[in-house]
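Asker: Just the structure for this:
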Amino acid sequence: MNAVVRLEQDFSNVIDAIIGPGIGVFPHFIDSELVAALRHDLASLPPWELTPAAIGREQHQQTNEQIRSDKTRWIEGDTPAQRYYLAIMTSLRETLNRQLFMGLKDYECHYALYQAGDFYKKHLDAFRGRGNRRLTTVLYLNDDWQEEDGGELLVYPFQSKTVLHRVQPHAGTLVCFLSEDFPHEVLPATRDRCSIAGWFRIDDPIAPARRL
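Answerer: The predicted structure follows:
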């Protein structure tokens, strides 16, 4: 994999989406070489490093398989693929701050593995006026995904039951949206479904053991 991060990457479509509807879906946001490296990185993790995902924050954190059943592992820049991806998202954060004055200080993200039948019910990533997450990202790593495989991301307008976006988790596609404004859910799939879920925050990073 080329070690030189494309810091000149054009983020204008992301900027336009956040200014406009507050959400965008961007196929081929990450090139296939990096997607393959990230997918291999996730597949190489020992099973015990992928832990049941929790809901809630800090002392209120808990697992609840009635709400979500995926497994996650925080990305800390341990491998070249991770560092490459984090550098791209740092560049995006700097662009968002420079052009939209969002005051984003940090980006945190984790691998998410949804095995066949796993799901995440409808939820918000941040409650209005009560959270530090301002912008959510989801990057998909799934090779040769077919519509019959399921696993769609459904995104809703705030306080609405009407589906705004129905996203197939194709490799390289990035979804980016305002964390407080768009409830969303992950439907069960018939095969393993891999992604990177991330959040741009307006405060400093918190200890991994205390994260959502």
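Asker: Tell me the first helix or strand C-terminal of the worst-scoring helix or strand of the chain on mean pLDDT.
Answerer: For the chain, scoring each helix and strand by mean pLDDT, DSSP states H and E identifies strand 51-52 as the least confident one, at a mean of 90. Next along the chain after strand 51-52, taking DSSP states H and E as the criterion, comes strand 71-74.
Asker: what lines up beside that following strand in the sheet?
Answerer: In the sheet, strand 71-74 lines up against strand 51-52 (antiparallel), strand 106-114 (antiparallel) (DSSP bridges).
Asker: mean confidence for it?
Answerer: Here the mean pLDDT over strand 71-74 is 96, rounded to a whole number.
Asker: Residues touching that strand, excluding its own?
Answerer: Counting by Cβ atoms under 8 Å, 6 or more residues apart in numbering, strand 71-74 makes contact with 42, 45, 49-53, 108-113, 115, 197, 208, 211, all of which sit outside it. C-beta: built from backbone N, CA, C; applies to glycine.
Asker: Walking through the chain, point out its strands one by one.
Answerer: All strands of the chain, identified by DSSP state E, fall at 23-26, 51-52, 71-74, 106-114, 120-123, 133-140, 153-155, 165-167, 174-178, 184-186, 193-201.
Asker: and those strands as a markdown table, adding distance to M89 and mean neighbour count?
Answerer: Formatted as a markdown table, the strands of the chain follow (distance: least, Cβ to Cβ, whole Å; neighbours: other Cβ atoms under 10 Å):
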| stretch | distance to M89 | mean neighbour count |
| --- | --- | --- |
| strand 23-26 | 13 | 18 |
| strand 51-52 | 23 | 12 |
| strand 71-74 | 14 | 18 |
| strand 106-114 | 5 | 22 |
| strand 120-123 | 21 | 15 |
| strand 133-140 | 7 | 24 |
| strand 153-155 | 19 | 19 |
| strand 165-167 | 19 | 16 |
| strand 174-178 | 10 | 22 |
| strand 184-186 | 19 | 22 |
| strand 193-201 | 7 | 23 |
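Asker: Many thanks, we can stop here.
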